[in-house]
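>>> Predicted model and sequence follow; I will ask about them next.
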Amino acid sequence: MRRVLVIGAGLGGLAVAQGLRKAGIDVQVYEKDTDIEARWQGYRIGLREYGWSALRTCLPAELYDLAWATSGSLVGPGLLWDEQLNLLASGDQIGPPEDARVLDRHVFRHVLFRGMQDRVHFGKKLASVDETATGVRVTFADGTMAEGDVLIGADGGHSVVRQLLLPHFGFVSADLCGAMGRTPLTERFRRLVYGRGTMVKGPHLNLMLGRMEFANAPGPLGLPPTSSYVRWVLLMPPDHPAAQPTAVMPDVRKVVLELIDGWHEDLTDLIKQSDAFNSAIGSPVLLDQPVTAWDAERITMLGDAAHLTIASGGNGANTALRDAEQLTQRLTNDDDVVASLRAYQTEMLEYGNEAVEFAKENQKNFVPESAPAKAL
């Protein structure tokens, strides 16, 4: 039986592992975190039709149904307000695409983890990989080893697998900085974002709002108890003082409230009532060049390891699930492992790099203009 090793238990890594297990392939997943709850997973993602199609391929029917049951609708127009909540426009250009449904990242990861407890090994930080004539051998930081026929690097934007395959690749900062958080969904706040999404355009700041309203509460379904919420992201120019790196993480709510002082009280109260624990501020990074083909024959990558995107309506997650579907199909149906991975690599690099470029262009629609320089 073919044996596949997956490095990383994020969305893409768990999806491909579910797909391979469903196909009867021996798959083992190695994750550097100590357990499934060790790391905050972010907020909602908009999963498009091709993302759901990939899930249908990779997941058993009961898990696909569970993902759908805990997703949320995006019915209704996107809204554009000014900072005093005067409606400027509404339409389909604001928010995720109309064919999307939203999922909470943390809850969704638990859906993908279900039934995989005996195949996911935590506390396994990758140290090295050796490719042999017939397979791969990996060594972890704790000194343990594993062997298989194929290695899939699904270990995220700062992928160790990518560093081993393409050590000359580096990072550049995206022209984007934001503070983000979530606030329990109430009727008062629902009116701010009753459709696909909302943008509030303030002076040199844009506040993006998105509703994550679960069709069915996750808790009673055996998933992490999570209440419906409004996800907010305050975008600022990268040269804004609040966007500069700091040695100590500030109170995100305090920073945001200072920035939006004088805005409508519904907006300031939205920030005041947000969850302090699940908040962050920072600037995303991109690879300094498009990913190119690598020489390894039995090592491949998926998701951000192969095409690091910035947040763009679930663009990265949808593309990672597409990777998982393609790898599942090729490793299941093709007898020649090396040829199947080469074919996957060629196709994935084309659409993956296109997804990165789309995200880079799309961000220009949301980054606010810098304030004019003051005369000396």
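Sure, I can see it. Residues are numbered from 1 along each chain as shown.

>>> I'd like to know which elements the longest helix anywhere in the chain is packed against.
Longest helix of the chain, by residue count under DSSP state H: helix 337-362. Secondary-structure packing of helix 337-362 (3 or more C-beta pairs under 8 Å, 6 or more residues apart in numbering; DSSP states H and E): strand 285-287, strand 299-301, helix 315-333. For glycine as for every other residue, the C-beta is placed from the backbone atoms N, C-alpha and C.

>>> Show me what the first one is packed up against.
In this structure, strand 285-287 makes packing contacts with strand 171-173, helix 337-362, judged by 3+ C-beta pairs under 8 Å, 6+ apart.

>>> of all those, which gets the most neighbours per residue?
helix 337-362 (a mean of 17; mean count of other C-beta atoms under 10 Å).

>>> and that one, what's its mean pLDDT?
When pLDDT is averaged over helix 337-362, the result is 90.

>>> Next: stretch 227-247.
The model assigns stretch 227-247 a mean pLDDT of 76.

>>> Tell me which residues of the host helix or strand of Leu257 come out buried.
In this assignment (DSSP states H and E), Leu257 forms part of helix 252-259. For helix 252-259, a neighbour-count test (16 or more other C-beta atoms under 10 Å) marks 252-253, 255-256, 259 as buried.

>>> List phi and psi for Asp335.
Backbone torsions for Asp335, taken as degrees, to the nearest 10, come to phi -80, psi -30.

>>> Arg2 versus that one, what's the distance?
10 Å (C-beta to C-beta, to the nearest Å).

>>> try Gly170
For Gly170, the distance to Arg2 - C-beta to C-beta - is 34 Å.

>>> who has more neighbours, those two?
Arg2 (17 against 9; other C-beta atoms under 10 Å).

>>> Wait, Thr319 touches Asn353, no?
No. The criterion here is C-beta atoms under 8 Å, and Thr319 misses it with Asn353 at 10.2 Å.

>>> Contact partners for Val27?
3-6, 16-17, 20-21, 119 (C-beta atoms under 8 Å, 6 or more residues apart in numbering).

>>> Among those residues, which ones are in strands?
3-6 (DSSP state E).

>>> Endpoint to endpoint, stretch 287-298 covers what distance?
When the termini of stretch 287-298 are compared using C-alpha to C-alpha, to the nearest Å, they are 23 Å apart.

>>> got the contact list for that stretch?
131, 135-136, 149-151, 162, 165-166, 169-172, 306-308, 337-338, 341-342, 345-346, 349, 352-353, 356.

>>> Tell me which stretches of the chain form helices.
11-22, 49-58, 61-69, 105-113, 160-165, 187-190, 252-259, 265-272, 315-333, 337-362.

>>> Can you tell me which of the ones you listed is nearest to Ser228?
Proximity to Ser228, assessed across the helices of the chain by C-beta to C-beta, is greatest for helix 187-190 (9.3 Å).

>>> now that closest one, how far from the chain's geometric center?
26 Å (C-alpha atoms, centre = their mean, to the nearest Å).

>>> what does stretch 126-138 give?
28 Å.

>>> still on that earlier bit, got the helices and strands packed on strand 285-287 as JSON lines, with distance to Thr183 columns?
Below are the helices and strands packed on strand 285-287 laid out as JSON lines (distance: least, C-beta to C-beta, whole Å):
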{"stretch": "strand 171-173", "distance to Thr183": "28"}
{"stretch": "helix 337-362", "distance to Thr183": "25"}
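
>>> who wins for proximity to Tyr30 among the ones you listed?
Going by C-beta to C-beta, the one of those nearest Tyr30 is helix 337-362, 18.8 Å.

>>> now the angle between helix 315-333 and that closest one, please.
Interaxial angle, helix 337-362 versus helix 315-333 (axes from the mean of the first three to the mean of the last three C-alpha atoms, to 10 degrees): 170 degrees.
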